[in-house]
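Chemist: Show me the folded form of this:
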Amino acid sequence: MSVEHASTRLIDGYARGDTGLATDEVWALEAHLEACRTCRDRLSAAVTASAPAVAALVGTVWADLEPRLAATATMPRRRRLGARLSTWLTPTTVPWLAMVMSVTLIALLFDLADPGTGPGSREVSLVLLFSPVLPVLGVAASWARGLDPAYELTASVPRAGLPLVLRRTVAVLVLVVPALFVGGWATGVTAAQWLLPCLAFTSTTLALGGLVGVTRAALALVAVWAAVVVAPTLATGRTPLALRTDGMPVWGLILALGVGVVIARRGAYSVLGAHR
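Modeler: Residues are numbered from 1 along each chain as shown. This next block holds a predicted model:
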């Protein structure tokens, strides 16, 4: 596509239903057509010229729908607002986020009740221990076929795929990260100790999600973290090496690798398998 309008090759190929067009080109064209009347007119002319059967079918359908649409009341503004919000969060995400917030609050209360002094006290903060995987649960719920009743609709829109995944991931982080900031501040944990692992886990979930599905990737990472880090840490009561300050460069590297894989495989999120 050019800077201002779609190329003739792309318009004609789209009108013919050319399966050889790259997926990202099709997404870009469909998103561009939403705002460009000129390209919509060009596409209409291309369909008429190269696919008259399709043009005739569209004309027949439109002739039947037009009088019905004219008699249909305009959608209330609040519903349109709800439709826009659905690109950021799904209704089923709310209970998951409530659970994440509850876990954060409970961990904070345990930390405040056991400040880490005296016999049998813990050296590790529960907020620090659970923070890397808490956003992952919200991300899994926001991009799962079984948890989104309207996923067929959202998955079929032009801006589905990676843009929608990133929107919903950002929405989860915007809600979860401030709660973790408060918990970290109250327990004396530095932000870098939990923020880098938190972002690294989120990017790794999205990176693996392009291969096995976001939900499966999230559950697998949570299970591994629970078995390898959480259980031994609760047994010994000491901060694991993975969450000490000298391990932060490793988390930064994991974050960078996860972001790189997500960018390199951005087309994978349009495949329905990513919704598993």
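
Chemist: and C36, how far is that from V58?
Modeler: Distance, C36 to V58, using CB to CB, to the nearest Å: 19 Å. Yep, even glycine has a C-beta here, placed from its N, CA and C like the rest.

Chemist: same check, this time on I263
Modeler: Per CB to CB, I263 is found 36 Å from V58.

Chemist: Show me which of these two is the more surrounded one.
Modeler: V58 (14 against 10; other CB atoms under 10 Å).

Chemist: give me the element the more buried one is part of.
Modeler: For V58, the enclosing helix or strand under DSSP states H and E is helix 52-71.

Chemist: elements contacting that helix?
Modeler: helix 37-50 (3 or more CB pairs under 8 Å, 6 or more residues apart in numbering; DSSP states H and E).

Chemist: lowest-confidence helix or strand of the protein?
Modeler: Within the chain, no helix or strand scores below helix 77-85, which has a mean of 49 by mean pLDDT, DSSP states H and E.

Chemist: so C36 makes contact with H5?
Modeler: Yes - at 6.6 Å, C36 counts as touching H5 under the criterion of CB atoms under 8 Å.

Chemist: thinking again about what came up before, report the buried residues of the helix holding V58.
Modeler: Neighbour counts over helix 52-71 (16 or more other CB atoms under 10 Å) mark A55 as buried.

Chemist: pLDDT weak spots in the stretch 51-200 of the chain?
Modeler: For the stretch 51-200 of the chain, the stretches with pLDDT under 70 are 71-93, 96, 114-123, 142-161.

Chemist: again, only using 80
Modeler: The model of the stretch 51-200 of the chain has pLDDT under 80 over residues 51-55, 58, 66-101, 103-104, 107, 110-125, 137-168, 184, 187-193.

Chemist: now for the helix or strand following the least confident helix or strand of the chain, which elements pack on it?
Modeler: Using DSSP H and E, the helix or strand that directly follows helix 77-85 along the chain is helix 93-113. Packed against helix 93-113 by the contact rule (3+ CB pairs under 8 Å, 6+ apart) you find helix 126-130, helix 134-142, helix 162-187.

Chemist: okay, the angle between helix 93-113 and helix 162-187?
Modeler: Counting by axes from the mean of the first three to the mean of the last three CA atoms, to 10 degrees, helix 93-113 lies at 20 degrees to helix 162-187.

Chemist: Give me the neighbour count for R265.
Modeler: Count around R265 with other CB under 10 Å applied: 16.

Chemist: Would you list the phi and psi of it?
Modeler: With angles defined as degrees, to the nearest 10, R265 sits at phi -110, psi 40.

Chemist: Just the element for the closest residue to it other than its chain neighbours, please.
Modeler: Sequence neighbours aside, G210 is the residue nearest to R265 in space, at 4.4 Å (criterion: CB to CB, 6 or more residues apart in numbering). G210 belongs to helix 191-212 when assigned by DSSP H and E.

Chemist: tell me which residues of that helix are tucked away?
Modeler: Applying 16+ other CB under 10 Å to helix 191-212 flags 193-210 as buried.

Chemist: can you pull the contacts of A192?
Modeler: 245, 248 (CB atoms under 8 Å, 6 or more residues apart in numbering).

Chemist: sorry, back to before: report the angle between the helix holding V58 and helix 37-50.
Modeler: Going by the same axes, to 10 degrees, helix 52-71 makes 130 degrees with helix 37-50.

Chemist: so how far is helix 52-71 off the chain centroid?
Modeler: 36 Å (CA atoms, centre = their mean, to the nearest Å).

Chemist: who's in contact with it?
Modeler: Counting by CB under 8 Å, 6+ apart, 15, 47-48 sit against helix 52-71.

Chemist: Just the buried subset of the residues you listed, please.
Modeler: By neighbour count, with 16+ other CB under 10 Å, the contacts of helix 52-71 hold 15, 47 as buried.

Chemist: Going by distance to T104, which of the contacts of helix 52-71 wins?
Modeler: Closest approach between the contacts of helix 52-71 and T104, by CB to CB: A15, at 51.6 Å.

Chemist: gap between the closest residue to that closest one other than its chain neighbours and A28?
Modeler: Nearest residue to A15, sequence neighbours excluded (CB to CB, 6+ apart): A46, at 3.8 Å. Using CB to CB, A46 is found at 17 Å from A28.
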